[in-house]
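Prediction below, plus the sequence it came from.
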Amino acid sequence: MLGQGMRVDVHARKRVAGALLALALAGAPAGAAWAGAADCHLNKIAELPIKVEHNQPLADVSLNGKPIRALVDTGAYRTTLTRGAAERLGVDVTLHAAAGGAVGVGGEVAIGSAPVADLRVGNWNARDLKLEVLDTADVGPGIELILGQDIFSQSDVEVDFAGGAIRFFQPQGCDDVPLAYWAETYAEARMKPVAGRRTSNMVRVALNDHEFWALLDTGAGGSSVQLRAAHRAGVHEDDPGVVTGWPSHGIGKRSIPTWIGSFGTFVVGDETVRNVRLRFGDYSAGLDPEREGAHDMVLGADFIKTHRIYIANSQNKIFFTNVGHPIFTPLPKTPETAPDGEAPAPGSKPPAAD
């Protein structure tokens, strides 16, 4: 049931008949091969089981041999520990006053660093790390660690909420091969090219034919549009049919007002959603919206859980299939729709830095 007249059109691409693409996956089902290039091998190097709770993908990981609950957050530029978790685990924290803080729509939070001897994420692990520390406990219920792009940028990544897993791949010889290995038909969209490490996954989208970059963000409970992008697409706060949404917040204590409006079309790659309602607000947090790395939309967990997505860092593309509806689920501000774990929207993440 799409509701509100929403319709999804997918100009599906289909695999071209030809040689079989070799699938080098541990535990892969029999016959798991598909049309592609004979010299393309998709090697699975790790898998992280996840549970989606309150629209957030959570994973149980190990830090210095002790269990810790983590948020899987492709919108975070770096893996980050909360100060409360550092204290609980007995990890020494050094605050960096000269570095300022992490800025979000809710304000600024002090940052620091802490040495970590061992971090284990599924069957992937790293030793002798220095993790960033946020001087806050306001990340989410029971969440003490945020797994960020310093992990997810190291390989191709499959995001499969329905299957309860994040999978990591190293493709070989697959430069022009569609990597949605689970499907005969698929959609694709281009990602913003980067120089060096990818600190965010930006995909090209359009609202009412107005194009801009959107952040693919598993850590955001719902999708949101920057105020200026909504205005450019012809939707304003006082338009007929626009209603008040729940306030949005990220790190920091402040919240910002939001609205929910109707857009004729939303397009991401080969997929078009018609008559869609989306939340919008001023998520700029006082930062220049034209700055390098800025985005005008977050594609959050509502979009992500209704798709199976292969983030091909190796090709600057995403490949995806639709697995559910409705795609967007903004909540109007009523007593019956208290927000259920909606997480940060555009501008609420710390700026990219190394």
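Everything's here; your move.

got any ranges where this structure has weak pLDDT?
Within the chain, the stretches with pLDDT under 70 are 1-7, 9-12, 14-37, 96-110, 136-138, 249-254, 285-293, 335-354.

which SS state does Ile151 fall under?
helix (DSSP: H, G, I helix; E, B strand; the rest coil).

Now for the residue nearest to it when sequence neighbours are not counted: which residues touch it?
Spatial nearest neighbour of Ile151, chain neighbours left out: Thr79 (5.9 Å); criterion: Cβ to Cβ, 6 or more residues apart in numbering. To be clear about C-beta, it is placed using only N, CA and C from the backbone, and glycine gets the same treatment. Contacts for Thr79 were tallied using Cβ atoms under 8 Å, 6 or more residues apart in numbering; they are 119, 131-132, 145-148, 150-151.

And for Val225?
If you count contacts by Cβ under 8 Å, 6+ apart, Val225 has them with 207, 233, 278-280, 296-297, 346.

repeat that with 7 Å
By Cβ atoms under 7 Å, 6 or more residues apart in numbering, the residues touching Val225 are 207, 278-280, 296-297.

With Leu278 instead?
223, 225, 260-261, 263, 328, 330.

about what we covered before: so which of the contacts of Val225 wins on neighbours?
Within the contacts of Val225, Phe280 tops the neighbour count with 31 neighbours, counted by other Cβ atoms under 10 Å.

Please report how far that one lies from Glu188.
Remark: distance between Phe280 and Glu188 (Cβ to Cβ, to the nearest Å) = 26 Å.

Pull the number of nearby residues for Asn43.
A count of nearby residues for Asn43, using other Cβ under 10 Å, gives 16.

same deal with the one 3 residues further on?
Ala46 sits with 19 neighbouring residues when counted by other Cβ under 10 Å.

So it sits against Trp124, correct?
Yes - at 4.1 Å, Ala46 counts as touching Trp124 under the criterion of Cβ atoms under 7 Å.

Name the residues contacting each of the two.
With Cβ under 7 Å, 6+ apart, Ala46 and Trp124 have common neighbours Phe168.

which residue is nearest the middle of this protein?
Compute the mean C-alpha point of the chain, and by Cα atoms, centre = their mean the closest residue is Asp217, 1.7 Å away.

Quick check: the gap between it and Lys51.
Applying Cβ to Cβ to Asp217 and Lys51 gives a distance of 18 Å.

Give me the distance between the helix or strand Val298 falls within and the centre of its chain.
Using DSSP states H and E, Val298 maps to strand 297-299. How far strand 297-299 lies from its chain's middle: 8 Å, per Cα atoms, centre = their mean, to the nearest Å.

So which residues make contact with it?
So strand 297-299 is in contact with 75, 205, 212, 214-217, 220, 223-226, 229, 345-346, going by Cβ under 7 Å, 6+ apart.

Parallel or antiparallel, list what pairs with it.
According to DSSP bridges, strand 297-299 forms sheet pairs with strand 210-216 (parallel), strand 224-226 (antiparallel).

Could you point out the helix or strand that follows the shortest one?
The reference is to strand 224-226. Taking DSSP H and E, what comes next after strand 224-226 is helix 227-232.

helices and strands around that next one, which ones?
With contacts taken as 3 or more Cβ pairs under 7 Å, 6 or more residues apart in numbering; DSSP states H and E, helix 227-232 sits against strand 210-216, strand 271-281.

Format the ones you listed as a markdown table; extra columns: distance to Ala70.
Converted to a markdown table, the helices and strands packed on helix 227-232 look like this (distance: least, Cβ to Cβ, whole Å):
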| stretch | distance to Ala70 |
| --- | --- |
| strand 210-216 | 18 |
| strand 271-281 | 26 |
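
Doesn't Asp302 belong to a helix?
Yes - under three-state DSSP, Asp302 sits within a helix.

Looks like it contacts Leu331 (just checking).
No - taking contacts as Cβ under 7 Å, Asp302 lies outside contact range of Leu331: 10.1 Å.

which neighbours do these two share?
Joint contacts of Asp302 and Leu331 (Cβ under 7 Å, 6+ apart) do not exist.

secondary structure class for the closest residue in space to Val276 that isn't next to it in sequence?
Computed as Cβ to Cβ, 6+ apart, the closest residue to Val276 that is not its neighbour in sequence is Phe266, at 4.8 Å. Three-state call for Phe266 (three-state DSSP): strand.

Quick one: residues contacting Phe266.
Applying Cβ under 7 Å, 6+ apart to Phe266 gives the contacts 205, 207, 273, 276.

do that again at 10 Å, thanks
6, 8, 205-208, 214, 223, 225, 233, 272-276, 278, 297, 299, 303, 327-328 (Cβ atoms under 10 Å, 6 or more residues apart in numbering).
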